[in-house]
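**Student:** here's a sequence, model it:
(2 chains)
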Amino acid sequence: MTKILDMGSPGAVGSGARRWLADVVVTPKPGVNDPEGETIRGGLRSLGFGVDEVRAGRFIRLVVAASDLAEAERSVTSMCEQLLANPVIQTYSITIVEDERAGTGPTGG
Amino acid sequence: MSGWVAVLSFPGSNGDRDALSAFRDDVGVEARLVDHRETALEGASAVVLPGGFSYGDHLRCGAIARFAPVMASVRSFANRGGPVLGICNGFQILTEAHLLPGALLRNRTLQFHCHWTHLRFEGCDNAWLSNIQPGEVLRLPVAHGDGAFFADLETLDRLEANGQVIARYCDVDGRLSPTSNPNGSSRAIAAISNEDGNVLGLMPHPERATSPLIGGDDGLRLLRSVLDVLAVPV
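**Tutor:** Numbers count the residues shown, from 1 in each chain, chains lettered A, B, ... in the order given. Sure, this is the predicted structure:
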């Protein structure tokens, strides 16, 4: 049960590892009822927009330390599988870029 | 009779005292609150995961509680065949912990549902149902925002085939209708069992239906099964 606390982290930030910005988007799987998305669609239609489908999800931005992109991807994928998404009802997508923002604090600039 | 009922208490649980009182005062068995930081359940004969909003329901209902220190003990207790009851948020935690299949989604109406419901019990091959016969209708309250049971079609068919669908929302006569399913649960499912029949999860609150003074006492029918549970050492 404590596996989540040690998911292959390459080490603490500042140990020489590079920092990466990972954007995770979690959405309901196809076929899973999404009343929030339906409600948003209703609102958009009442404003006159021709929207056929809305799926509402969650956006999570992470800053992770990893020695390269592949390692960062492995780590964030593992986070999604174990906690950030529930594979029974949700899918996820991950976008990772190197964190080149000013500052070295864990939240960046 | 030996043993005691462990009622878990997570940050944000609000049904833990209700459950404790129901077992102690209404059923008349020894029950103790067990803090989420505990790691031992020695001597417990049954474990109850109560309702509430553990960890503020952040990320998903039950998603964080799954990692509480006590949950490793709950998992081994369940794997040994110990009876585990998850009520409302407790049910959500059990699905997130993969001790029960499926998941609980936001209510179809997007509204918090807090009212009495009727439940038709079907499969009764579960440690918590020794006093309930298939076909019986019980009246129990619900209080949840995320109670729509979901599983993929294959899983739903398997649950039905295995008799793991324990109860469905129905009308007062036990009939299923679109209006008797308050939250949009797949196949109106309100309660399910694991394959081995020792873990039960349900959205309605039996611990809040223990006396006519509070609107009904059908919950005692379910909770009193613990008397049979305590007679059997785990």
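
**Student:** which residues of the chain fall in strands?
**Tutor:** Because you didn't say which chain, this covers chain A. With DSSP state E as the criterion, chain A has strands at A:18-28, A:58-66, A:90-98.

**Student:** please refer instead to chain B.
**Tutor:** Using DSSP E, the strands assigned to chain B run over residues B:4-9, B:31-35, B:44-49, B:84-87, B:103-105, B:113-121, B:137-144, B:148-150, B:165-170, B:189-193, B:199-202.

**Student:** out of these, the one nearest A:V26 is which?
**Tutor:** Minimum separation from A:V26 across these (C-beta to C-beta) falls at strand B:103-105, 13.1 Å. The C-beta positions use only the backbone N, C-alpha and C, and glycine is treated the same way.

**Student:** mind checking the longest helix of chain B?
**Tutor:** Among the segments of chain B that qualify as a helix by DSSP state H, the longest is helix B:69-79.

**Student:** hmm, that helix in reach of chain A?
**Tutor:** Yes - for helix B:69-79, a contact with chain A is found by C-beta under 8 Å from any C-beta of the partner chain, at B:69, B:71-72, B:75.

**Student:** so which of those residues is the most crowded?
**Tutor:** Per-residue neighbour counts (other C-beta atoms under 10 Å in any protein chain shown) across the residues of helix B:69-79 next to chain A peak at B:M71, which has 22 neighbours.

**Student:** state the distance from it to B:L99.
**Tutor:** Separation of B:M71 from B:L99 (C-beta to C-beta, to the nearest Å) stands at 9 Å.

**Student:** just to revisit the earlier point, most tightly surrounded among the strands of chain A?
**Tutor:** For those, the largest average neighbour count (mean count of other C-beta atoms under 10 Å in any protein chain shown) is found in strand A:18-28, namely a mean of 18.

**Student:** could you check the angle strand A:58-66 makes with that strand?
**Tutor:** In this structure, strand A:18-28 runs at an angle of 150 degrees to strand A:58-66, with axes from the mean of the first three to the mean of the last three C-alpha atoms, to 10 degrees as the basis.

**Student:** give me the contact list for strand A:18-28.
**Tutor:** Residues external to strand A:18-28 that are found in contact with it (C-beta atoms under 8 Å, 6 or more residues apart in numbering or on different chains): A:13, A:34, A:37, A:55-69, A:72, A:76, A:79-80, A:84-85, A:89-99, A:101, A:108.
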